[in-house]
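**Q** Just the structure for this:
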Amino acid sequence: MKKKLKSVAFICHPARSSLPPILKGLIDWAEASKIKVRLTPRMAQIIERPELGMPRQDMAGEIDMVVVLGGDGSILETTRAFAADGIPVAGINLGHLGFLTLDEPKNAINTLEKLRDGKFRIENRMMLQAVVRRNGEKMFRGIAMNDVVIQKGTMLRVIRINVSISGKMVNSYHGDGIIFSTPTGSTAYSLSAGGPIVPPWVNVIVLCPLNCHTLSARPVITSDQEILSARLSCVHSKVDLVLDGQEGFRLMDGDEIEVSRANELGRIVVFKSRNFFEVLRKKMNWG
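**A** A predicted model of the protein is given here:
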């Protein structure tokens, strides 16, 4: 990135007690480097810098980048929020695995120096859109960078989901639900359900059934140019559509869920030396 970093928003979870001193140090560095800072109003109040507060929906026109202090979940939520505006998102890891983050808090200033000096690149990550239609009427539309999940509640009967790809019937899945995953999400919920690991530059959609009542049900990989349709049968169960494990919509019997590649892109900041398989080996503790 050739453009000099002139303004940044720090997004973080206000409930973390360890955050204020870290955040104050980053703000001091940014202001000394002539970089304008924006915070959410609540975080600005917590660190007693109310003049830096701004509603998140108003930030896009004023910032060059968002720096998230948190884990992968915080990055996913922030990326969805800023995807339509094309704002890149960088992460400093305060979570566990941190597949999407750049570094740990102890190296935060060094990380910001690299961002200021343009020593990074932006990976455009494909996202999924999910559209719910009920009796032919569009009821919901949302986007996800990791996964779109159809899942039943606990202690309820299995559900049936008839899945077709671009109008061609694939299977009728009887079980707990289905995960539709991006390559980015292939190391998340889909992986725990037995799905494959897919590098982020391979643009595909992964379909991974959840606890199906047949041994023949296996994950399926298809092109990101396909449209996947899932028709739900759940007379005796409560079922939700969940985006990135964070945003939900209650489904009803007979609903049709259409999953396809979204027009929006997740713009994730990575360092030039970063390699997906090196990160994978480190995070998965492979030999």
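**Q** all contacts plus neighbour counts: C-alpha atoms, from now on.
**A** OK.
**Q** so residue 138 sits in a helix?
**A** No: read with DSSP: H, G, I helix; E, B strand; the rest coil, residue 138 is strand and lies in no helix.
**Q** now the strands for the stretch 101-250 of the chain?
**A** With strands called from DSSP state E, counting those that start in this stretch, the stretch 101-250 of the chain shows them at 121-134, 137-144, 147-152, 159-165, 168-175, 177-181, 204-210, 220-223, 228-233, 239-243, 247-251.
**Q** Report the beta-bridge partners for the nearest residue to residue 193 once chain neighbours are set aside.
**A** In space, and not counting its chain neighbours, residue 193 is closest to residue 210: 6.5 Å by CA to CA, 6 or more residues apart in numbering. Beta bridges link residue 210 to residue 177, judged by DSSP bridges.
**Q** rewinding a little: now tabulate the strands of the stretch 101-250 of the chain in CSV and tack on distance to residue 26 and mean neighbour count.
**A** As requested, those are arranged in CSV below (distance: least, CA to CA, whole Å; neighbours: other CA atoms under 10 Å):
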stretch, distance to residue 26, mean neighbour count
strand 121-134, 21, 20
strand 137-144, 29, 17
strand 147-152, 32, 26
strand 159-165, 47, 21
strand 168-175, 48, 16
strand 177-181, 34, 27
strand 204-210, 37, 25
strand 220-223, 42, 14
strand 228-233, 44, 22
strand 239-243, 31, 22
strand 247-251, 30, 16
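**Q** So which of those is nearest residue 265?
**A** Closest to residue 265 of the strands of the stretch 101-250 of the chain, according to CA to CA: strand 121-134, at 5.4 Å.
**Q** Next, the angle from that closest one to strand 204-210.
**A** Here strand 121-134 runs at an angle of 50 degrees relative to strand 204-210 (axes from the mean of the first three to the mean of the last three CA atoms, to 10 degrees).
**Q** Output strand 121-134 in PDB, but only the C-alpha positions, please.
**A** Extracted in PDB, the C-alpha atoms of strand 121-134 (Å, rounded to 0.1, in the frame of the first residue of the first chain):
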ATOM      1  CA  ARG A 121      -0.600  -5.800   1.900                       C
ATOM      2  CA  ILE A 122      -4.300  -6.300   1.800                       C
ATOM      3  CA  GLU A 123      -5.900  -9.700   1.100                       C
ATOM      4  CA  ASN A 124      -9.300  -9.500  -0.400                       C
ATOM      5  CA  ARG A 125     -11.300 -12.300   1.200                       C
ATOM      6  CA  MET A 126     -14.500 -13.600  -0.500                       C
ATOM      7  CA  MET A 127     -17.600 -13.300   1.600                       C
ATOM      8  CA  LEU A 128     -21.000 -15.100   1.400                       C
ATOM      9  CA  GLN A 129     -24.400 -13.700   1.300                       C
ATOM     10  CA  ALA A 130     -27.400 -15.500   2.600                       C
ATOM     11  CA  VAL A 131     -31.000 -14.600   1.500                       C
ATOM     12  CA  VAL A 132     -34.000 -16.100   3.200                       C
ATOM     13  CA  ARG A 133     -37.200 -16.400   1.300                       C
ATOM     14  CA  ARG A 134     -40.500 -17.300   2.900                       C
END
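**Q** Give me the residues contacting it.
**A** With contacts defined as CA atoms under 8 Å, 6 or more residues apart in numbering, strand 121-134 is touched by 1, 88, 138-148, 181-184, 200-201, 203, 254-272.
**Q** circling back to that earlier point, and the strands of the stretch 101-250 of the chain as JSON lines, adding mean pLDDT and distance to residue 12?
**A** Listed next are the strands of the stretch 101-250 of the chain as JSON lines, based on pLDDT from 0 to 100; distance: least, CA to CA, whole Å:
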{"stretch": "strand 121-134", "mean pLDDT": "96", "distance to residue 12": "21"}
{"stretch": "strand 137-144", "mean pLDDT": "98", "distance to residue 12": "20"}
{"stretch": "strand 147-152", "mean pLDDT": "97", "distance to residue 12": "22"}
{"stretch": "strand 159-165", "mean pLDDT": "97", "distance to residue 12": "37"}
{"stretch": "strand 168-175", "mean pLDDT": "96", "distance to residue 12": "37"}
{"stretch": "strand 177-181", "mean pLDDT": "97", "distance to residue 12": "26"}
{"stretch": "strand 204-210", "mean pLDDT": "97", "distance to residue 12": "30"}
{"stretch": "strand 220-223", "mean pLDDT": "98", "distance to residue 12": "34"}
{"stretch": "strand 228-233", "mean pLDDT": "97", "distance to residue 12": "34"}
{"stretch": "strand 239-243", "mean pLDDT": "97", "distance to residue 12": "20"}
{"stretch": "strand 247-251", "mean pLDDT": "97", "distance to residue 12": "18"}
